[in-house]
Structure formats: C-alpha cells, structure tokens
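S.K.: I need the structure of the sequence given here:
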Amino acid sequence: MFKKISLSILLVSAAIFSHLASAQKSEEPKQTAEAFLAGIKFQQGSIKLPNGVATLNLPETFRYLSPDDTDKILVQAWGNPPGAKTLGMLVPANTSPLSESGWGVIITYDESGHVKDDDADSINYDDLLKDMKEASVEANEERKKAGYGEMNLVGWAERPSYDKQTHKYFWAKELSTGQTENTLNYSIRVLGRQGVLVLNAVAGMKQISAIKQEMKSVVAFTEFVEGNRYTDFNSSTDKVAEYGLAALVAGGVAAKLGFFGKLFALLIAFKKLLFVGAIAVFAGIAKFFKKKEST
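M.R.: Numbers count the residues shown, from 1 in each chain. I've put the predicted structure just below:
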C-alpha cells in the first residue's frame, strides 16, 4: 500500500521536479560562506512557530531559523529543491550549518486531522521496512528523470518508538545517496488535536550518537499550545485523519496532503555543501560563530 502511494505521488510530480532541477542547476552560489551566514538570523529562547500551534522552549544548545532563512540553508547551501513550505529549522548552537559536521531539524506541520494511535502495538516494523525499501528503489527512476541522484533506504538507524503518554513518535533511517558517508534521517512526530508536528533531522551517519542524544532534547522541548494538544481532541467537531501511525513512518500520508510540501520529505534526505570554496573558509565560519556567541 505504501509503495503504491509513494510512486503515484512521484509520477504526478515528475514534470515539476524536472523544472525545479533545471532551475537549481542554473543557479551558482556567488557568496562566500561567511557572507552567507551573516544574512541568517539565529534566534534563541522561547519560539512560537509561525502557525501558532506549538512552541519550542529552546535550551542554549539550539538555535531557530525562520522559514525564509531555512529555505536559504536547504536550497542554497545544502542543494535541496526549492519550493518547500516549512515552519523553520533548528540548528545546533555551536556548529555551523555549512560545516561538514553541521546538521539541522526541519519543522513542518501536517494539518490533516487527528491521528488515532490504535495501531501502536500492532505494527510490524520489519514488514514496513521491507515495503519502504522497495518503494525507495522504484522511486529512484523518477528521481533520475528529475535530475537528482539515487536515494536508497538501508535500514533503521533506530527502530520506531511511540510514547502513549506524550503522544510523541520517533525513529531514524539510514539512507545511501552515493556519497562516501550514508545519510541519517532522524524523525520526530508530535501528535496534536488536528494534525501532526513533523521534525526531521538531516545529518551524516557518523553523527548518529550525538544526534540520538540531542533529539531526545528536541522531543522534550517541543509542545503544542493549549487547545491544540492531543488531549484537546473533540470527537464532535474535529476531523479524524485517514491514516494511523504506520503511515507516518512510511510516508504514505503524503498522498493526502499538499503534493510538494509532503513529497519534500523524500528529497530532504541529503546535505551537500554547494558553496564555492566552503572548505577554505571554515576557519572564518568558526570565527563568525564565536562572534555570535559573545553577543
């Protein structure tokens, strides 16, 4: 079922991706990395997301980027397709997003209804992984047509785990993109009254130990505001989603939500520095971040 959903979305969107890929390849970065970072506003403290449904009470170890600044990082620095709609992004406070050790947590929101968690104890994650692997292989044909490299699902980097008390769900996938190091996608889903808050961390597999620890912190400080929490659900007035927990992991929910906003999840699984001379200015980046921390 999940395989069919993913493929149908990809087929519908292939022509648009082709256009986006051409546009992306025609744009060459003209800034130095240090100048680029100077145009990014790193925010700290208590952050209310743009749609108002949730808050992030950030510790000193994290910074928040607005949707506009997030787009700059994802597209201009990391080489992802343009056009994604996010609620912003979290980045570690002591690491540049342009460095090889840099990583981030992309935030979006699926307002498609209240997700029932009745299937929490019945999901066979081995079978689900098998379906997802097959879907990733077949989806590569459309990625190639759109001008992007292959992306294959290797396996779980951390098996899915759902907390029935907090209604928070997390898992991690290892993906192969043809680069020297495999990519780590660490996913958090916070279930709410009318939808799901989606947080996806993108990093390299070498960072998995640090990411696992940091994402526990992200799970803890991310909360829906009163009136939008899972327990605020009103069966008389609120819509129930047409999918359960398994679909959240498999990505099948993409078929029922905005075509690009959700399909973005299939393409965000890589980070490839695009800045000319980025390696040469890493010393400058470190200096820039020290300057930020002292202000």
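S.K.: Which of the three states applies to residue 72?
M.R.: helix (DSSP: H, G, I helix; E, B strand; the rest coil).
S.K.: I should have written residue 198 there, sorry.
M.R.: strand.
S.K.: can you tell me which helix or strand the residue lying closest to it once chain neighbours are set aside belongs to?
M.R.: The shortest distance from residue 198 to any non-neighbouring residue, by Cβ to Cβ, 6 or more residues apart in numbering, is to residue 108 (4.6 Å). (Glycine included, C-beta is placed from N, CA and C.) If you go by DSSP states H and E, residue 108 is part of strand 104-110.
S.K.: for that strand, packing partners?
M.R.: Applying 3 or more Cβ pairs under 8 Å, 6 or more residues apart in numbering; DSSP states H and E, one finds that strand 104-110 contacts strand 88-92, strand 196-204, helix 259-267.
S.K.: in its sheet, what does it sit against?
M.R.: When pairing is defined by DSSP bridges, strand 104-110 lines up against strand 88-92 (antiparallel), strand 196-204 (antiparallel).
S.K.: For those strands, give me JSON lines that also has distance to residue 135 and mean pLDDT.
M.R.: Below are the strands paired with strand 104-110 laid out as JSON lines (distance: least, Cβ to Cβ, whole Å; pLDDT from 0 to 100):
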{"stretch": "strand 88-92", "distance to residue 135": "26", "mean pLDDT": "94"}
{"stretch": "strand 196-204", "distance to residue 135": "17", "mean pLDDT": "87"}
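S.K.: I'd like to know which of those lies nearest to residue 123.
M.R.: strand 196-204 (16.1 Å; Cβ to Cβ).
S.K.: Give me the contact list for the closest one.
M.R.: 53-54, 78, 90, 100, 103-110, 112, 115, 181-190, 211, 215, 218, 222, 224, 248, 265, 268-271 (Cβ atoms under 8 Å, 6 or more residues apart in numbering).
S.K.: Which residues belonging to the following helix or strand past that strand are considered buried?
M.R.: Where DSSP H and E defines the elements, the next helix or strand beyond strand 196-204 is helix 208-221. For helix 208-221, a neighbour-count test (16 or more other Cβ atoms under 10 Å) marks 208, 211-212, 214-215, 218-219 as buried.
S.K.: what's helix 208-221 packed up against?
M.R.: Using 3+ Cβ pairs under 8 Å, 6+ apart, the elements in contact with helix 208-221 are strand 168-176, strand 183-191, strand 196-204.
S.K.: run the last query once more with 10 Å
M.R.: Here helix 208-221 touches strand 54-57, strand 62-65, strand 88-92, strand 104-110, strand 152-163, strand 168-176, strand 183-191, strand 196-204, going by 3 or more Cβ pairs under 10 Å, 6 or more residues apart in numbering; DSSP states H and E.
S.K.: okay if I get those strands as CSV plus distance to residue 128?
M.R.: CSV is the format used below for the helices and strands packed on helix 208-221 (distance: least, Cβ to Cβ, whole Å):
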stretch, distance to residue 128
strand 54-57, 27
strand 62-65, 30
strand 88-92, 27
strand 104-110, 19
strand 152-163, 8
strand 168-176, 10
strand 183-191, 13
strand 196-204, 17
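S.K.: Test my guess that residue 68 contacts residue 88.
M.R.: Yes: shown here, residue 68 and residue 88 form a contact pair, counting by Cβ atoms under 10 Å, at 9.1 Å.
S.K.: Of these two, which one has the most company?
M.R.: Between residue 68 and residue 88, counting by other Cβ atoms under 10 Å, residue 88 is the more crowded of the two (22 against 11).
S.K.: now the strand holding residue 108 and strand 183-191, what's the angle there?
M.R.: Strand 104-110 runs at 40 degrees relative to strand 183-191, counting by axes from the mean of the first three to the mean of the last three Cα atoms, to 10 degrees.
S.K.: residue ranges with poor pLDDT in the chain?
M.R.: Residue ranges of the chain with pLDDT under 70: 1-31, 252-295.
S.K.: how about 80 then?
M.R.: Counting by pLDDT under 80, the chain has low-confidence residues at 1-31, 79-84, 138-150, 177-180, 251-295.
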